[in-house]
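Trainee: Got a sequence here, can you model it:
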Amino acid sequence: MPQAATVAEPTTGTSGSDFAPLLRTVREQGLLERRIGWYALGIAANLLALAAVVTGIVLIGDSWWTLLLALPLAVLWARTAFVGHDAGHAQITGNRRLGMAVGLIHGNLLLGMSQAWWNDKHVRHHANPNHVDKDPDVGVGALVWTQKQAEQREGFARWLTRNQARLFFPMLLLEGIALKVSGFQDLRRQSLRERTVEGFLLIAHLMTYATLLLTTMSVGKAIVFALVHHALFGLHLGMAFAPNHKGMEMPDPDGERWGHLQRQVLTSRNVRGGILTDWFLGGLNYQIEHHLFPSMPRPHLRLVQPLVRAHCQSLGMPYAETGLVDSYRQALTHMHEVGEPLRPAPSAAV
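Mentor: Below is the predicted model:
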């Protein structure tokens, strides 16, 4: 079976470690204990809401009004992705088999997104966030994250890098489909057992999704609905993940080796807000706390934040926190600066 993306809190810290005192306090306050009941209610509510939207699609049927349901379905898919994320981190339950089952159902079956692919990618990200040689999230892809990466671009990729800041949000509209494609591509890497389970569930998702749309509306409307739905889903997920690390410190591969606290805090950014922000970003707005304690249940991240902030202040360590709009501004500014060397210098005034 696919393995969960568990990234355990360090347990080898000595009394002299910057992180050890904070970890002891968090454990003593019970903030690492699971909240199974909280997750059970949330999962049930999300599944009921998904069922309601599907029922709406069936009842409205072959009408352009059905397109209005693409938005709530995309939002609920993002909730589903957040559950899969938390299951992969063992935040929901300490039972490994149950956690994997929750992840497979929410990732592969409900979203068509490979849990094994995400687990492999996300574990490497958490171990070395923003490290250009070790974090796949800042590797060379459609976008690049350092000027050194930008200098190696050629042809269309070079044009894309020059304009990546302004193209970022439009490109997120393709992310929902890209997640499915990446999952199928990853099947070649997986073991035979993983490939069998993951592939079966991915195909089951596609068949169920296609059957729902093609039996309730015409082919043309079904295609438009699927495209709009996946575009909104990708945009929502991208808006949840974009503020977390883009534009933050990027460790020098040849520089000083950072400890756990420094490595996770300096590369992460929190997003300030209330209950609505927590809901919209799936708890990822507490990115610093999530990276320090990846198995901590989502409802405890808000509770541990004051402890983490105070601990960082006592050490004189920067603690990045900003509003949602400003977090996007900082991320886009970084992407714009990365592409700066590729843009022609403005002509001198005559």
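Trainee: Now do the helix of greatest length in the chain: which elements does it pack against?
Mentor: Counting by DSSP state H, the longest helix found in the chain is helix 36-60. The elements that helix 36-60 packs onto, with contact taken as 3 or more Cβ pairs under 8 Å, 6 or more residues apart in numbering; DSSP states H and E, are helix 70-88, helix 192-214. C-beta coordinates here come from the backbone N, C-alpha and C atoms, glycine included.
Trainee: ok, residues contacting it?
Mentor: 66, 69, 72-73, 76, 79-80, 83, 86, 91-93, 102, 110, 212-213, 216, 297, 299 (Cβ atoms under 8 Å, 6 or more residues apart in numbering).
Trainee: Any idea which residue is closest to the centre of the protein?
Mentor: Central residue of the chain (Cα atoms, centre = their mean): Phe241, 4.8 Å from the mean position.
Trainee: Pull the number of nearby residues for Gly112.
Mentor: Counted with other Cβ atoms under 10 Å, residues neighbouring Gly112 total 23.
Trainee: Check the gap between the nearest residue to Val224 once chain neighbours are set aside and Val228 for me.
Mentor: Spatial nearest neighbour of Val224, chain neighbours left out: Leu67 (6.8 Å); criterion: Cβ to Cβ, 6 or more residues apart in numbering. According to Cβ to Cβ, to the nearest Å, Leu67 and Val228 sit 6 Å apart.
Trainee: who's more crowded, those two?
Mentor: Shown here are Leu67 and Val228; by other Cβ under 10 Å, Val228 has more neighbours (18 against 15).
Trainee: what distance separates the host helix or strand of the more buried one from the centre of its chain?
Mentor: Assigned by DSSP states H and E, Val228 belongs to helix 219-241. Offset of helix 219-241 from its chain centre (Cα atoms, centre = their mean, to the nearest Å): 17 Å.
Trainee: Likewise for stretch 175-193?
Mentor: Computed by Cα atoms, centre = their mean, the chain-centroid distance of stretch 175-193 equals 16 Å.
Trainee: Restrict that stretch to CA atoms and write it as PDB.
Mentor: Listed next in PDB are the C-alpha coordinates belonging to stretch 175-193 (Å, rounded to 0.1, in the frame of the first residue of the first chain):
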ATOM      1  CA  GLU A 175      -3.200  23.100 -12.000                       C
ATOM      2  CA  GLY A 176      -6.300  21.000 -11.500                       C
ATOM      3  CA  ILE A 177      -5.600  19.000 -14.700                       C
ATOM      4  CA  ALA A 178      -1.800  19.000 -14.100                       C
ATOM      5  CA  LEU A 179      -2.300  17.300 -10.700                       C
ATOM      6  CA  LYS A 180      -4.100  14.400 -12.500                       C
ATOM      7  CA  VAL A 181      -1.500  14.100 -15.200                       C
ATOM      8  CA  SER A 182       1.300  14.100 -12.600                       C
ATOM      9  CA  GLY A 183      -0.400  11.300 -10.700                       C
ATOM     10  CA  PHE A 184      -0.600   9.000 -13.800                       C
ATOM     11  CA  GLN A 185       3.000   9.800 -14.700                       C
ATOM     12  CA  ASP A 186       4.100   8.800 -11.200                       C
ATOM     13  CA  LEU A 187       2.700   5.300 -11.600                       C
ATOM     14  CA  ARG A 188       5.900   4.300 -13.300                       C
ATOM     15  CA  ARG A 189       7.900   5.100 -10.200                       C
ATOM     16  CA  GLN A 190       5.700   3.200  -7.800                       C
ATOM     17  CA  SER A 191       6.000  -0.400  -6.700                       C
ATOM     18  CA  LEU A 192       3.600  -3.000  -8.300                       C
ATOM     19  CA  ARG A 193       1.400  -2.900  -5.200                       C
END
